[in-house]
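Enquirer: Structure, please.
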Amino acid sequence: MSGTDYHQIRTTEATAPAGCPVDHHFSPLNDDFVLDPYPISSRMREETPIAYAEEMGFVVVSRMADITEVFLNPEVYSSENVQDPVWPLCDEAAAVLANPSFNPVAVMSNRQEPDHGRIRQFTKKGFTNRRNQVLEPYIRRRTEELVEQMIAGGSPADFIASVALPLPGEVVFRFMGFPEEDYPKLKAWCGERLAFSWGHPSPEQQVEIAEKMVAYWEYVQAFTRAKQEAPADDFASELLADHAEHPDLLSYREVESILYGLSFAGHEPVTLLLGNALSNLLSRREDWHALCADPGLIPNALEEVIRFDSPQTGWRRITTQDTTLGGIDLPAGTQVFLNLGAANRDPDEFPDPEVFDIGREKARNHISFGKGNHYCLGVRFAKFEARVVLDVLTQRLPELQLAGGHDFETFPNISFRGPTRLDVAW
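Expert: Numbering: from 1, shown residues only. Got it, this is the predicted structure:
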């Protein structure tokens, strides 16, 4: 597969760089890490800030300064592996993805310069204040509808199934211009991408996910063809107009691939952010009451949620050349795991980092969404959506509280974290 393929499959076994400490047991999929990654992450940051995780085949980087150095040096630390399966796929799943009709290309998070910058100049135009303003009435109306449906269903209710899961998908599909009647099908097709790229699915699950990915890609291709004939005020139409005006700078296949990629990236992390926000805020009643009394506190409270209990706790890079990081020599081709959760509680960056403080100064200095040229395009959009949801909830349900304890289950994977279910009562 070429360096521009959307998903690349690793076939070679990794080895520890010479002189790098080796951790024979760590994996983000271990039960104790899935349950609560932060004590383990903090210990690694303090004791072995750069270590080779034997089970993963990755060098784990845990200090804020080192992770920042990686993000700010994309020519040395490539992002081309961020969408790839962490572990090799079974032959059957690989065969499904070898279908000639499945041919998306890397475009954003997994595309290197200079192509990344060339494509980003077009995609960033979709994530503007104007687009937020266009979507805000829909986001607010849909949030209010989902909250009212949750209330009508009776207390207690699962907030994830009621609000946090459906809303972000519907918003990003509307943003791109997908027909509303297709939302359930689209959600089903791209809902397991998290397991494919960042989890460790069984061979049977790999095949099922791969088949859905192919079906979804074929849908995106048909949708893009139709959108050419009927443009509207949506992201897909903007990209097609840019392609028509600058075909040498934005190819048609790249337009299709942007729509394919953003349909996952635009909603799953927001679902997790909403779940983490309620889990942390409702378990601290004084904080919840403060937001109900003063919605102006919501933006900084969300930044603290993202720092303290991020929806994105890990990310990846691969070295393009021999380099040295934190005194450790890394040869070209080294897979690097960035332990964002550890960095977000780095005491060199945040005073009293284990304290959750909605009034924290510089809470937004977290590194959950990257840094540098690959800084997440959709951050502002995601925070805007979460602010609307919290605004609606604090005003409509100020008496909202967690039901059934504060523990929750999360889907085991190396990059994203948030509750799969969160029971609330009122």
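Enquirer: what's the closest non-adjacent residue to the most centrally placed residue in the chain?
Expert: Nearest residue to the geometric centre of the chain (CA atoms, centre = their mean): P269, 4.3 Å. Excluding the flanking residues, the one nearest P269 by CB to CB, 6 or more residues apart in numbering is P311, at 4.8 Å. Quick note: C-beta positions are derived from backbone N, CA and C, even for glycine.
Enquirer: again with T410
Expert: R417 (5.4 Å).
Enquirer: so that neighbour makes contact with P311?
Expert: Yes. R417 lies in contact with P311 (CB atoms under 8 Å); the separation is 6.5 Å.
Enquirer: Residues in contact with both of the two, list them for me.
Expert: 272, 276 (CB atoms under 8 Å, 6 or more residues apart in numbering).
Enquirer: count of residues packed around L29?
Expert: The number of residues packed near L29 is 17, by other CB atoms under 10 Å.
Enquirer: Looks to me like it is in a strand.
Expert: No. Counting by DSSP: H, G, I helix; E, B strand; the rest coil, L29 is not found in a strand; it is coil.
Enquirer: pretty sure it is touching P201, no?
Expert: No. Distance between L29 and P201: 11.2 Å, which falls outside the contact criterion (CB under 8 Å).
Enquirer: Now do S279 against W288, distance only.
Expert: 11 Å (CB to CB, to the nearest Å).
Enquirer: more neighbours, those two?
Expert: The neighbour count for S279 versus W288, taken as other CB under 10 Å, is higher for W288 (24 against 20).
Enquirer: element containing that one, please.
Expert: helix 285-293 (DSSP states H and E).
Enquirer: for I139, same thing?
Expert: Per DSSP H and E: helix 129-152 holds I139.
Enquirer: That helix packs against which elements?
Expert: Here helix 129-152 touches helix 166-176, helix 379-396, going by 3 or more CB pairs under 8 Å, 6 or more residues apart in numbering; DSSP states H and E.
Enquirer: Going C-terminal from the lowest-mean-pLDDT helix or strand in the chain, what's the next secondary structure element?
Expert: Here the helix or strand of the chain ranked lowest by mean pLDDT, DSSP states H and E is helix 193-198, holding a mean of 84. Beyond helix 193-198 on the C-terminal side, the first helix or strand identified by DSSP H and E is helix 203-229.
Enquirer: tell me what that next one is packed against?
Expert: helix 91-97, helix 183-190, helix 193-198, helix 235-245, helix 252-265.
Enquirer: need these in a markdown table with distance to R118 and mean neighbour count, can you?
Expert: A markdown table is the format used below for the helices and strands packed on helix 203-229 (distance: least, CB to CB, whole Å; neighbours: other CB atoms under 10 Å):
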| stretch | distance to R118 | mean neighbour count |
| --- | --- | --- |
| helix 91-97 | 26 | 17 |
| helix 183-190 | 26 | 18 |
| helix 193-198 | 24 | 22 |
| helix 235-245 | 11 | 18 |
| helix 252-265 | 9 | 22 |
